[in-house]
Structures are given as C-alpha cells and as structure tokens.
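Enquirer: what follows is a predicted structure for the sequence shown.
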Amino acid sequence: MKQITARIAWSLGLILAVIVMCFTLIHLAPGDVAIVIAGDSGAGDPEVIAEIREDLGLDQPFVVQLGGYVGDVAQGDLGTSYRFNEPVTDLITTRLWPTFLLVGTAVSFAIVLGVLVGVFTARRPENPISHGVTVFSLTGYSMPVFWTGLMLVIMFASNVRWFPVSGMRDVRLDGNWLEEWIDIAHHLVLPSITLGVIYLAQYSRLSRASMLEVLQSDYVRTARAKGLAERRVVYKHALRNAVIPVVTVAGLQFGQMLSGALLVETVFNWPGLGRLASDSVFQRDAPVLLGILICSASLVVIINILTDLVYRLIDPRIRVGGAS
Amino acid sequence: MDPLLSVRGLTVTFGSFTAVEDVSFDIHAGQTLAVVGESGSGKSVTALSIMRLVELGTRGKIEAGEILFRNSDGEVIDLVRQREDQMREIRGNQISMIFQEPLTSLNPVYSVGDQVAEAVILHQGLDKEAANERVLDMFRLVRIPEPEERMAQFPHEMSGGMRQRVMIAMALSCDPKVLIADEPTTALDVTIQAQILGLMRDLREQTGAAVLIITHDMGVVAEVADDVVVMNRAKVVERGPVTQIFESATEPYTQALLASVPRLGSMTGLDKPAPFELVEYQP
Ligand SMILES: Nc1ncnc2c1ncn2[C@@H]1O[C@H](COP(=O)(O)OP(=O)(O)OP(=O)(O)O)[C@@H](O)[C@H]1O
Ligand SMILES: [Mg+2]
C-alpha cells in the first residue's frame, strides 16, 4: 500500500512535468493565436487583436501564464477552447469514451486472441496452422497501421460491404439502446482490428515463447505427475505464469497504443481524442491541445499503476517481496 | 512374494541418444530400493519412465521393455502399454514422485495448500473443505510447523527444506503404493537431510509403501536401502542387497563409489584431512 502511495505521488510529479513541458512548447510554437482568432471573425484590426490578447491573458509574462494554468488544472479546469468557445473538459470528456472504447477493444482483442494463439502454437508447433500463424505474426508486426486500415476498408467495407467505412454510429438509425450498441459494435470492428493487429502479432509471439518455456518447467512436470489432465495443466498451471510477460508488455505499450489510436481514428473518421487533437493542431487551439496532452499523459500513468496492480494479482511473488 | 513393481529391459532414448539401456529391477512392498550412480547415468530418466513422464513434455521415448505394476485391484499391468488417461489414474495416486528440484517444482502462483489439495480432490473425490483437512493432516505428518498458516503460503515464502516437505506431503497425500524419490535430500543441508530420510522411513513402515530412492550418496544408501542398483552410463552394472554391495562389491565402479564415502576414523593419525580420491571409471 505504501508503495502504491509513493507511485501516485511520483505520478503526480510526472504529470506536472508534462504540463510544464507542453505548455512551454506550445508557447514557443510560431504563430499568434490572437491573429488567427481575429482573422477568423473577419477583422484584422490591431485594436481587436490587442483586446483578444488581453482577454486570453496572452499579454502577461510567460511565468504568470504558466502559473495560472497549472493552478487552473489543479482545480480541474482546463480552460476554454479558442475555437468552440466551450470548456475543454467538456470537449475532452465527450471524445474520451470513443477512444477508450477503441483502445480497450483493441487491447482485449490483441491480448485474448494473442494468448490463445500463443498457447496453441506452443502446444502444437508442427501443426500447419502454427506455421501459418508464425508467418502472419511476422507480417502483422511489420504492417503500418494506416495500410492495414485501408486494406481492411477496401476488403470488408467496399468490396463485400460487411462493415461500415467510417464513423461510429449510423445517423439514420433511430432505435433503442440495444440497437444503438449493436450499431456501435458494428462500426468498431474494422478500426479495432486495425489497431489491435500489430499487438496481436506481438502478443502471440510473446506468449508462445513464454508458454514454451513454462511448459518445460519443473512445476508443470509436478502438475502432470499429480495425474492432472493436460488441459488443466496447460490452462491452470502454465497459462497464469505464461501471461505475466504479456501483461507487463501490454501495460508498457499503452502510450504507444494511444498514439496508434490517433492514426486509426483519422483513417476511420472515429470521433475520438485523436481526431480532436489533429483538428486542434490545425486550428491552433492551444487549450484543447494542452488538455489532450495532459489527459493522455495522465491516462498512461493511471494504466501503468493499474498494470502494476494486475501484475500483483497474477504473481504473488510481487505482492510480498515488493521488488520490481 | 511377487514384486510390486518390476522393471524389465527398459530402454529409453532421446533422439539418437540412449539415456537408459536394458535396465531391470524389482521393488517389493514395504522395501526400499536405492538406485545409485554418477550424474547423467540415467537415474532420473528411469524414474520418469515409470511415471510415463518422459514422453510428456520431453522428447524421450520408451523404446523397449516393460514396467509391470501390481495395481490396487491386484492386477498386474504393464505401465508402458497404458493409455494416457489410464496413466492419469495411476500418477500421483498409486505411484507418486518427489522430484530432484524442490525449489522449482512448486508452482509459484498458487498457495502450497491448494497445490497439495488439488491431488486429493482429483484422486479421492473429496470436496474442497475435506481436502484441506487432509492437507493439514499431511502437513502435520511431514512435520511442517504451524501447518494452518503454512497452507496459505506461496512457495517463495518457504525455505527449501519446507518446500521439499510440501512435495513429500503432496506425494503421500493419496497413499501411493510406490513412492519414487529422486535425490530428495541433495538440495538440503545435512540436518534437514537426516530429518527427511527419517520421515520417509517412518512413512514406509506405517503405510507399507515401496520406495525407490535415487541418490549419489552411499551414506544415504547405507541409511535407508534394502536393495541397491548401481547404474553407470545408462546401464545397470551391479545389483544386490545393501549388505552385499557394501561388503563385496565386484564391480570396480561400485568399489570406487564406496571408496568415496568417508569412514569414521579413517583419517586418525594424520596431521590434516587427506583429500578424497576422485571417482574415475572406464567400462
Ligand atoms: N529431456 C531430455 N532431453 C534430452 N536428453 C535428456 C533429457 N533428460 C535427460 N537427458 C539425458 O539423459 C541422460 C541421463 O539423464 P538423467 O537425468 O537420468 O541423469 P541422472 O542419472 O539423473 O543424473 P543426476 O544425478 O545428475 O540427476 C543424460 O545424459 C541427460 O543429458
Ligand atoms: Mg537426476
């Protein structure tokens, strides 16, 4: 418990560092927001620009701006979007859950299927399916996200029309919550496969290797010597040990997966954080961009802590020893 | 009396390598047979073959021979010809094994109590609660202190000696007719060694099980064995009752092994301990 508290304190420090760094970078970026905003509303008049500056506090010294921002963030206020004139927190919360849905589905798909494939190929290395899987995981690992995405769209959305090309919902649909969820799930298939397939390839190779090792271990031999059926030996005694490295890697890769989601969201027009981020870059919407950066940094930190907890659940050696 | 277990002409290979060649011996109920021999002579492979574990998880193959076992119904069956599901009825139940590596033979992610209970639930059809009672009894039997607390512990929380006791408790939990102990004490220090050997002797006397003990250590042989089989380079080179082996070993290899056992008083009159002679043997 003490360790967890230390982890949280350390994480808060980390997030603060992220805020300061991102704020400084955006401040240093070329281009004047006030001009963009003024230009957009049709008036390039220097007085208007000065007024906008004052309004946004852009005339203050940098340190004051930074201090004010950190103070606001500490109170859960991420400012107001220049573009939409809405609180950034609202913008982010509405976009957060689609991204979560996408990443969550992709991770679960990659881990569950990856481990199953890994177990299968570890147990039957000579099976033709195992050879096929090895080739697939090598290619899957080296396929760029947008290429996989486009190929899937061409195959399953244009040629056979099994799945929708883009978006998250069918706007024409007017049904109850169940029909709505089915519609979302239907839209979710291609993007989550696109995002998950790289990790699927990685996790199946990783779990195959660790399963092969675990199956040779002395305690698996003990389990067999008890007279347990092979199925129980594999799924009870070996599997739990074999997934430990997969959980570790998946937790560490969460940040990478979040940035992968950004690309996938662009390809599939998925209304998540990634889309919001790329839009706000083009529109110089600094508060939104900063908000997203802070939000994703916090997510990565939270997921890392959660991974640690899961890891402790699976492996009792970590629970007591406290070393890691 | 007919033997409980009779290994006849056993030959086991790993690819083109022959790890066990034409090995035969008998074990009788209530008796202890010691298999001795240097490292790599095929002792563990012989034991794993009796459990039919060489073909499961390793690339080993039983090429020839039979392993006749008088099962609990009094029938004599050839273990080499049993199907895998028939073997599962026997493993951990009628024949059980304590492995050479006590530190790594328990699963790190389950409590030791659960691991022992699993065998009891499987073979004796007890429910979880009754199985835990049984585990508790076994832990007391192998003299694990504070057995209730120990049951909930994980292997990494226990010392090597305690883990080995857990392995012994597991092996004995279903009252096996044959107990195979592969160097049960090599990884332990001498005082614990003596306790564990004493434990195994008591248990054999109480339950009338047959024990096959594998060891390098002629001291251990003198302590527990009724009969001895000496293996070298995959083959049996000498066999006989323990007294005969100790008094009149005919094979040079056995004589060399015996010479390596220090005798009390053998160094009286010397200024300092003399170095042991190394065992050198060419067939
Ligand atoms: N799984 C395996 N794959 C290939 N070869 C093996 C395997 N297990 C054992 N062997 C080989 O079989 C031979 C006999 O091994 P075994 O383990 O029976 O020796 P041992 O007499 O038990 O030795 P030790 O006293 O060191 O335990 C060795 O040469 C070993 O390399
Ligand atoms: Mg051995």
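Expert: Happy to help now that I have it. Ligands and ions are numbered 1, 2, ... in the order given.

Enquirer: distance check, residue A:135 against residue A:204.
Expert: Remark: distance between residue A:135 and residue A:204 (Cβ to Cβ, to the nearest Å) = 12 Å. C-betas here are computed from N, CA, C, even on glycine.

Enquirer: more neighbours, the two?
Expert: Neighbours were counted for residue A:135 and for residue A:204 using other Cβ atoms under 10 Å in any protein chain shown; residue A:204 has more, 29 against 9.

Enquirer: close to ligand 1: what parts of the stretch 151-300 of chain A are there?
Expert: Not one residue of the stretch 151-300 of chain A sits near ligand 1, judged by Cβ under 6 Å from any ligand atom.

Enquirer: and the strands in chain B?
Expert: For chain B, the strands defined by DSSP state E cover B:5-14, B:17-27, B:32-37, B:60-70, B:76-78, B:95-98, B:178-182, B:210-215, B:227-232, B:235-241.

Enquirer: per-residue confidence at residue 50?
Expert: Reading this off chain A. Predicted confidence (pLDDT) at residue A:50: the value is 81.

Enquirer: nope, chain B please
Expert: At residue B:50, pLDDT is 96.

Enquirer: please look at it and residue B:176 and confirm they touch.
Expert: No - contact criterion Cβ atoms under 8 Å: residue B:50 and residue B:176 do not qualify, at 11.8 Å.

Enquirer: max-length helix in chain B?
Expert: helix B:190-207 (DSSP state H).

Enquirer: which strands and helices sit next to that one?
Expert: The contact analysis (3 or more Cβ pairs under 8 Å, 6 or more residues apart in numbering or on different chains; DSSP states H and E) places helix B:190-207 against helix B:160-172, strand B:178-182, strand B:210-215, helix B:218-224.

Enquirer: CA atoms of that helix as CSV?
Expert: Coordinates of each C-alpha in helix B:190-207 appear next as CSV, following Å, rounded to 0.1, in the frame of the first residue of the first chain:
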residue,chain,number,x,y,z
VAL,B,190,22.7,-32.3,6.3
THR,B,191,20.5,-31.9,9.4
ILE,B,192,17.4,-31.4,7.3
GLN,B,193,18.6,-34.3,5.1
ALA,B,194,18.6,-36.6,8.1
GLN,B,195,15.1,-35.5,9.2
ILE,B,196,13.6,-36.1,5.7
LEU,B,197,15.2,-39.5,5.4
GLY,B,198,13.8,-40.4,8.8
LEU,B,199,10.4,-39.2,7.8
MET,B,200,10.5,-41.3,4.7
ARG,B,201,11.5,-44.4,6.6
ASP,B,202,8.7,-43.9,9.2
LEU,B,203,6.1,-43.4,6.4
ARG,B,204,7.2,-46.6,4.6
GLU,B,205,6.9,-48.5,7.9
GLN,B,206,3.5,-47.1,8.6
THR,B,207,1.9,-47.4,5.1
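
Enquirer: can you give me the helices for the stretch 1-150 of chain B?
Expert: B:43-50, B:84-90, B:112-124, B:128-141, B:147-151 (DSSP state H, counting those that start in this stretch).

Enquirer: need these in a markdown table (columns: distance to ligand 1).
Expert: Formatted as a markdown table, these follow (distance: least, Cβ to the nearest ligand atom, whole Å):
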| stretch | distance to ligand 1 |
| --- | --- |
| helix B:43-50 | 3 |
| helix B:84-90 | 18 |
| helix B:112-124 | 23 |
| helix B:128-141 | 26 |
| helix B:147-151 | 28 |
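
Enquirer: list the buried ones in the longest helix seen in chain A?
Expert: Taking DSSP H as the criterion, chain A has its longest helix at helix A:177-215. Buried residues in helix A:177-215, counted by 16 or more other Cβ atoms under 10 Å in any protein chain shown: A:183-184, A:187-208, A:210-212, A:214-215.

Enquirer: quick check: what element follows it along the chain?
Expert: helix A:218-225 (DSSP states H and E).

Enquirer: can you list the weak-confidence ranges in the stretch 101-250 of chain A?
Expert: A:146 (pLDDT under 70).

Enquirer: tell me which residue is most central in chain A.
Expert: residue A:258 (2.8 Å; Cα atoms, centre = their mean).

Enquirer: so that residue sits against residue A:103, correct?
Expert: Yes - with contact defined as Cβ under 8 Å, residue A:258 counts as touching residue A:103 (6.3 Å).

Enquirer: nearest to residue A:122, out of the helices of the stretch 1-150 of chain B?
Expert: helix B:84-90 (19.1 Å; Cβ to Cβ).

Enquirer: chain center to the closest one: distance?
Expert: 20 Å (Cα atoms, centre = their mean, to the nearest Å).

Enquirer: near ligand 1, which residues of chain B show up?
Expert: Counting by Cβ under 6 Å from any ligand atom, chain B sits next to ligand 1 at B:14, B:19, B:37, B:39-45, B:58-60, B:100, B:216.

Enquirer: and which of those residues is nearest residue A:121?
Expert: Nearest member of those to residue A:121, counting by Cβ to Cβ, is residue B:59, at 17.8 Å.

Enquirer: coming back round to it: give me the common contacts of residue B:50 and residue B:176.
Expert: Residues touching both residue B:50 and residue B:176 by Cβ atoms under 8 Å, 6 or more residues apart in numbering or on different chains: residue B:95.
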